[in-house]
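K.L.:
what shape does this take:
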Amino acid sequence: MADALVEVAAESRDGWSGPGIKGRVYDLSDAYLAVEVELVRVIANFDATSLYAGDAYLTALAWLTHETGLSRTTAKMIIGVARLCRAHDLVGDLFYAGRLPMAKAAALARVVTDERRAL
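P.N.:
Predicted coordinates:
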C-alpha cells in the first residue's frame, strides 16, 4: 500500500487534462474511504483486546497518539467510532459497508453513550 502511494506522489501532473485529474481524485477518494473503514475495523479489535497494554499504555488513545502520530482528536474520533461499531451491529454493518460516513458515525459516537442508552 505504501509503495502505491509513493508511486502516486511521484506522478507528474503537468499537462493533465480535467478528466485525468478528476479520475485521480475519484481513485484517491475511494482509497481514502476504504483505508478509513479498515483502520476503524482494526482499531475496534485492537481496543477490544487491549493490545496497547503490552506496550505499557493504559489506553488505546494513549497508544495511538504516541505510537502512530495521530492527533489526539483524530485518535479519539476513530476509537469512538470503533467502539460504536462494536457495540451496535447495525451501525457497524452500515459503516463497514461504506453506507455511514465517518463524520456521521463520529457524531453518533459522541451522543450514543452508556449513560444515554437507558433513554
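
K.L.:
strands of the protein, start to end?
P.N.:
With DSSP state E as the criterion, the chain has no strands.

K.L.:
low-confidence ranges in it?
P.N.:
Scanning the chain for pLDDT under 70 picks out 114-119.

K.L.:
residues contacting the most centrally placed residue in it?
P.N.:
Centroid-nearest residue in the chain: Glu36, 3.5 Å away (criterion: C-alpha atoms, centre = their mean). Glu36 makes contact with Met102 under the criterion C-beta atoms under 8 Å, 6 or more residues apart in numbering. C-beta coordinates here come from the backbone N, C-alpha and C atoms, glycine included.

K.L.:
and stretch 31-47, C-alpha only, in PDB?
P.N.:
Output in PDB follows, covering the C-alpha atoms of stretch 31-47 (Å, rounded to 0.1, in the frame of the first residue of the first chain):
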ATOM      1  CA  ALA A  31      -8.900   4.500  -1.500                       C
ATOM      2  CA  TYR A  32      -9.100   7.000   1.400                       C
ATOM      3  CA  LEU A  33     -12.600   5.800   2.400                       C
ATOM      4  CA  ALA A  34     -11.500   2.200   2.200                       C
ATOM      5  CA  VAL A  35      -8.500   2.800   4.400                       C
ATOM      6  CA  GLU A  36     -10.600   4.800   6.900                       C
ATOM      7  CA  VAL A  37     -13.100   1.900   7.200                       C
ATOM      8  CA  GLU A  38     -10.300  -0.700   7.600                       C
ATOM      9  CA  LEU A  39      -8.500   1.500  10.200                       C
ATOM     10  CA  VAL A  40     -11.700   1.600  12.300                       C
ATOM     11  CA  ARG A  41     -12.100  -2.100  11.900                       C
ATOM     12  CA  VAL A  42      -8.600  -2.900  13.100                       C
ATOM     13  CA  ILE A  43      -8.700  -0.400  15.900                       C
ATOM     14  CA  ALA A  44     -12.000  -1.900  17.100                       C
ATOM     15  CA  ASN A  45     -10.200  -5.200  17.500                       C
ATOM     16  CA  PHE A  46      -7.000  -3.600  18.900                       C
ATOM     17  CA  ASP A  47      -9.100  -1.700  21.500                       C
END
